[in-house]
Every structure is written in C-alpha cells, then in structure tokens.
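Q: pasting the structure only:
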C-alpha cells in the first residue's frame, strides 16, 4: 500500500512539474509579444527571430553543459531514457522523511523545469538591446550566457555549491530566492545592462541638450497580450518552485503561491498606473504593463510566506519603483526600449531585499551578499563577453541599417509588408 501511495505521489509531482514547466515555456511567447509590441514595426521580425532562436539555443546549451555545471550532473550523453522503479522506491524509503516529505519527481522533469528558467533569463536581454544590436552577435552571447554565465551563478544558489570555493551563499549567509528574483531576473537584467552600456542608445533617443525623446512601440495590443501571457506563465514560474504537489501541505503551499503571485501583479499594475497618472497626468499603458511585471518580479523571491495583503503591498511598491527606475535610466542615457533592466533588475533586487520581512529564515545581509555576488559575476562575465564580440564581429548595426530597420538588414523580410515601416 505504501509503495502504491509513493508511486501516485511520484506521478503527481512529476506531472505537476511538467505542467509548470510548460507554463514557464509559454512565457517565451509572452516575451516575444511584449517586445514585438514595444519596438517599432521596422524591427519586429528581428525581435521575434531573436526570441525563438534564443529559446532553442538556451535549451541546447543547458542540455550540453549548463545543467552539468549548475547541478553537477550531465544529461547530454547519458540521457534519462528509463527509470528503475525498484531503485527509486528503495532510495526514497531509506530517507529520514520517508514518504511524507521531500520532492519526488523524474530527473527529466527537473531538467525541463530548469531549462525554461534559463530561457527566461536570456529573454530579458533581448528586449533591452532591441533595435540596434546585430542578430548574430546577440545569439553568440546567448550561447555563453545560457551555457556558462547563468549556470555558474545558479550553481552557487540553487545548486548549493560554494562561490569559487570561498563561501556558500546558503550555508554561510542564508541567502533565499524562492523562484528567482535574483537568480533569474536580476541575472538577466545585469547581462542586459552590460550590453546596453557597450551598445549605446538608439539614434534620436537622446538630444544634444539633454532632452529625452520618446520612441513609441508599434503595437500596444500585442504588448498587452504579451503581458497577460507572462502573467499567466508566472503561475508556473512561482508555483512550480514549490517543487511538489502530492501531499496536503504542498498543495496548500501551491495555492498560497498562486494567490500571492496574482495579488502582487495586480498591486504592481495599480501602483504603476497611479504613479504614472500623478507624474504625466495620463494613464500610461506601457507603465501599467511594466508595473504588473514588476509586481510579479518582486514577489518571485518569496511568494509562499507573505499574507495576501503583504503580497499586494510588495507588488505595489514594485510598481512604483519600476516607474521611477525607467525614468532614472533615461536620465542616465541608458536606452532600454522595453524597460527590462528596470523591471527585472531594479525590482529584482528589491524582491530579494524584501524577503526578510516575511521569511524569518532570511537576513538582509545574506540577501545583499547574494544579490551582489550575482551582479558582480554576471556583469563582469557579460561585459567581457560583449567586449570580445564587439572586437571580433561588432555588436551594433550600421546607422543606415538602424534607420531602415533591422528587419530588412538582418532578416531580409518585413513583419508588416503591406504597410510602410518608416
């Protein structure tokens, strides 16, 4: 009877993991639609190409070497083609927590769930460098980011390995990041920041006298659809990070995480919309969309311990922060067409630092050390990679190609051939 219960729990946990992974994979569509809506029409095909290609590259590089680096185990050559049921039963029965605790799921499902997180981190980069980066330079960076840079910092956090043998973020500092405000979102935004600094702003974005010129996106309905897709996918992102479903306690935790994730997104949108209304005297849709995403990023570091009210407040503050961050980056002349660095980087840091308010097991020092470790590693490694790519093949299209649109220059086709792209 006990074995039958275990097998049912194993099946439920594995199935839940796979479904959540599929939801996170669906976020790739959200990023594609959001970014395609926030760039100019003449750059739509290229941004879509980047998003589908980076997903394929992420999956392949994480399979080849990323997973092995992050979790000290390889899949590419050995594979997981079958499972020894008797061995799994014996191994789990020998554990101290028996059949009443611990995460039990197929190793293949674990890889699938992890690989879509890698793709999410890389998707953050694509929007920040949009409209002026060479496609193949971006894809070359994706190889390094998903095969080495992300897996290394992931090994120090979720992988439990020490940072170059010097200290352990978990054991020495108690660093906590439930679903990846820092590990995924801050990391992706940091890699994007390094690229943006070397790449420079789009032509016409900043005037000689310090003025900031708005460059509106071509398709706000598409951007809104992308936001809703991301909002939906985030339930898999955070909910799947509970890691199991097959017992009462875990099922309750999943429900709480779903509830708080949704509450934070709603709070973030409301906060950004109201702040934009105060600043601009208008209801700015793009700020509202980024506010919802900011709320989601903010709660990702710890969605299981806040009350619904606390989750809403955390999201609302994230929405306020993202509006201020977008305006601040513009003043610093860091051109980010979709606000990715603000949403995922600045608010990702906020999400990490707010964890101790609801989770007694985390400390501000531990969260700060973890955030600093992620930032220093990802920024340094990314900056070097971008520098090498700039020297070898160049990372920016020509001024003429930028004016005409990178769709034609990089992809040889227009997204909207019936209409003028100028």
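A: Arrived safely, thanks for sending. Predicted, not measured: the structure shown is a model, and the values here were computed from it.

Q: helices or strands next to the longest helix along the chain in the packing?
A: Looking across the chain with DSSP state H, the single longest helix is helix 2-38. Identification of packing neighbours for helix 2-38 by 3 or more C-beta pairs under 8 Å, 6 or more residues apart in numbering; DSSP states H and E yields helix 44-61, helix 85-93, helix 107-128, helix 220-239. For glycine as for every other residue, the C-beta is placed from the backbone atoms N, C-alpha and C.

Q: what is the rounded mean pLDDT of that helix?
A: For helix 2-38, mean pLDDT rounds to 90.

Q: same question for stretch 320-327.
A: The pLDDT scores in stretch 320-327 average 98.

Q: and that stretch, which residues are buried?
A: By neighbour count on 16 or more other C-beta atoms under 10 Å, the buried set for stretch 320-327 is 320, 321, 322, 323, 325, 326.

Q: show me what counts as buried in the longest helix of the chain.
A: The neighbour-count check on helix 2-38 (16+ other C-beta under 10 Å) flags 6, 9-10, 12-14, 16-21, 23-25, 27-38 as buried.

Q: do the same with stretch 330-338
A: Neighbour counts over stretch 330-338 (16+ other C-beta under 10 Å) mark 330, 334, 335, 336, 337, 338 as buried.

Q: what residues does that stretch touch?
A: If you take C-beta atoms under 8 Å, 6 or more residues apart in numbering as the criterion, stretch 330-338 is touched by 34-35, 38-39, 127-128, 130-131, 192-193, 196-197, 200-202, 205-206, 212, 215, 217, 326, 329, 341-342.

Q: do stretch 178-186 as well
A: Residues contacting stretch 178-186 (C-beta under 8 Å, 6+ apart): 117, 120-121, 124, 153-154, 157-158, 177, 237-238, 240-241, 297-298, 300-304, 343-345, 347-349, 351-352, 355, 370-371, 374-375, 378.

Q: try it again at 6 Å.
A: Here stretch 178-186 makes contact (C-beta atoms under 6 Å, 6 or more residues apart in numbering) with 117, 120-121, 157, 177, 237-238, 241, 297, 300-302, 344-345, 348-349, 351-352, 371, 374.

Q: same question, stretch 241-250
A: For stretch 241-250, using C-beta under 6 Å, 6+ apart, the contacting residues are 9, 12, 13, 16, 103, 178, 179, 251, 253, 254, 257.

Q: so the closest residue to residue 227 other than its chain neighbours versus residue 69, what's the distance?
A: Among residues not flanking residue 227 along the chain, residue 289 sits closest, at 4.5 Å (C-beta to C-beta, 6 or more residues apart in numbering). Using C-beta to C-beta, to the nearest Å, residue 289 is found at 34 Å from residue 69.

Q: so between those two, which is more surrounded?
A: The neighbour count for residue 289 versus residue 69, taken as other C-beta atoms under 10 Å, is higher for residue 289 (28 against 19).

Q: next secondary structure after the strand or helix carrying that one?
A: For residue 289, the host element (DSSP states H and E) is helix 285-300. Later in the chain than helix 285-300, the nearest helix or strand by DSSP H and E is helix 308-331.

Q: next, the residue lying closest to residue 169 once chain neighbours are set aside: secondary structure please.
A: Distances taken as C-beta to C-beta, 6+ apart place residue 175 nearest to residue 169, at 3.9 Å, with adjacent residues excluded. Under DSSP: H, G, I helix; E, B strand; the rest coil, the three-state class of residue 175 is coil.

Q: low-confidence stretches in the stretch 51-200 of the chain?
A: The model of the stretch 51-200 of the chain has pLDDT under 70 over residues 73-106.

Q: redo that, cut-off 90
A: 71-110 (pLDDT under 90).

Q: now the helices for the stretch 301-422 of the chain?
A: Taking DSSP state H, counting those that start in this stretch as the criterion, the stretch 301-422 of the chain carries its helices at 308-331, 340, 347-353, 364-392, 399-404, 406.

Q: of all those helices, which lies closest to residue 169?
A: Shortest distance between residue 169 and those, using C-beta to C-beta, is found for helix 364-392: 5.0 Å.

Q: list the buried ones in the closest one?
A: Neighbour-count burial for helix 364-392, counted by 16+ other C-beta under 10 Å, picks out 366-367, 369-371, 373-375, 377-379, 381-383, 385-386, 389-390.

Q: hang on, the residue nearest to residue 169 packs against residue 366?
A: Yes: Residue 175 lies in contact with residue 366 (C-beta atoms under 6 Å); the separation is 4.8 Å.

Q: now residue 187: how far from residue 378?
A: 5 Å.

Q: can I get the contacts of stretch 241-250 in TSV including distance to residue 137?
A: Formatted as TSV, the contacts of stretch 241-250 follow (distance: C-beta to C-beta, whole Å):
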residue	distance to residue 137
9	47
12	44
13	41
16	39
103	39
178	34
179	30
251	46
253	42
254	41
257	38
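
Q: what's the closest of those to residue 233?
A: Taking C-beta to C-beta as the measure, residue 179 is the one of these closest to residue 233, at 12.1 Å.

Q: okay, now that closest one: neighbour count?
A: Using other C-beta under 10 Å, residue 179 has 27 other residues around it.

Q: disregarding residues adjacent in the polypeptide, which is nearest to it?
A: The nearest residue in space to residue 179 (C-beta to C-beta, 6+ apart) is residue 241, at 3.9 Å.

Q: mind checking the SS state of the one you found?
A: From three-state DSSP, the assignment for residue 241 is helix.

Q: cool, and the one 3 residues further on?
A: With three-state DSSP as the basis, residue 244 sits in coil.

Q: for it, phi and psi?
A: The phi and psi values for residue 244, taken as degrees, to the nearest 10, are phi -160, psi 170.

Q: count of neighbours near it?
A: Neighbours of residue 244 using other C-beta under 10 Å come to 23.

Q: for residue 120, see how far away it is.
A: Residue 244 is 21 Å from residue 120, where distance means C-beta to C-beta.

Q: for the residue nearest to residue 169, list the residues it contacts.
A: Residue 175 sits next to 169, 366, 370 when contact means C-beta under 6 Å, 6+ apart.

Q: one step back: nearest to residue 273, out of the helices of the stretch 301-422 of the chain?
A: Taking C-beta to C-beta, helix 308-331 is the member of the helices of the stretch 301-422 of the chain nearest to residue 273, at 7.7 Å.

Q: between the closest one and helix 107-128, how many degrees?
A: Helix 308-331 and helix 107-128 meet at an angle of 40 degrees, taking axes from the mean of the first three to the mean of the last three C-alpha atoms, to 10 degrees as the criterion.
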